[in-house]
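In: Got a predicted model here, sequence first, then my questions.
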Amino acid sequence: MKTLTLLALILLPLPVAAQTYPGMNMNQQDMQKMMLQAQKAQACMEKVDKKALEAMEHESQQFEAEIRALCAAGKRGQAQEKALAYGRRMTASPVVREMKRCAEMMQGMMKNLVPGMDTRFMNEDPGQSPANICDSLEKERQ
């Protein structure tokens, strides 16, 4: 779940970068800088350990099933504790740190690309969310 979210955050800016929006001032030089930054971010992502990433994906699927079961059983507190511990462990993971570093390359590009764009979400700590994980899962289902 967290791995997919991180991948989405990294890949999300790519289609956005190819579009123009009101207020965007893109000249040839800006476009070249943007493409260079995207290439650097892509090269960065290619260095991420694929086997570790696959293992993390498998682990996140198991984690999500466990959390859903706890929520379904009404064990919201236990689900929240496990989710916070998992979030902290993932944040400390070398793979996640490397992916975050790659995402930061894109974040800088997006700030320059779309003036005023809020990219704070890319730096959020999953362990700092005030909502219960069960509420978040319920919203996903709706």
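Out: Noted; the coordinates are in hand.

In: show me where this structure has helices.
Out: For the chain, the helices defined by DSSP state H cover 2-11, 13-17, 28-46, 50-72, 76-92, 94-113, 133-141.

In: Dump the ones you listed to TSV, plus mean neighbour count and mean pLDDT.
Out: Glycine gets a C-beta too; all of them are placed from N, C-alpha and C. Shown next, in TSV, are the helices of the chain (neighbours: other C-beta atoms under 10 Å; pLDDT from 0 to 100):
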stretch	mean neighbour count	mean pLDDT
helix 2-11	17	49
helix 13-17	15	47
helix 28-46	14	86
helix 50-72	15	94
helix 76-92	16	93
helix 94-113	18	79
helix 133-141	14	84
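
In: ok, residue 71 touching residue 136?
Out: No: in this structure, residue 71 is not within contact of residue 136 by C-beta atoms under 8 Å, at 9.6 Å.

In: Need phi/psi at residue 48.
Out: phi -70, psi 130 (degrees, to the nearest 10).

In: Going forward, count from 43.
Out: In the new count, where the first residue is 43, that last one comes out as residue 90.

In: per-residue confidence for it?
Out: pLDDT, the model's per-residue confidence, is 91 for residue 90.

In: pretty sure it is in contact with residue 138, am I right?
Out: No: Residue 90 is beyond contact range of residue 138, at 9.5 Å (criterion: C-beta under 8 Å).

In: Spit out the residues that contact the two alike.
Out: Shared contacts of residue 90 and residue 138, defined by C-beta atoms under 8 Å, 6 or more residues apart in numbering, are absent.

In: give the contact list for residue 101.
Out: By C-beta under 8 Å, 6+ apart, the contact list for residue 101 is empty.

In: ditto for residue 147
Out: 79, 82, 83, 86.
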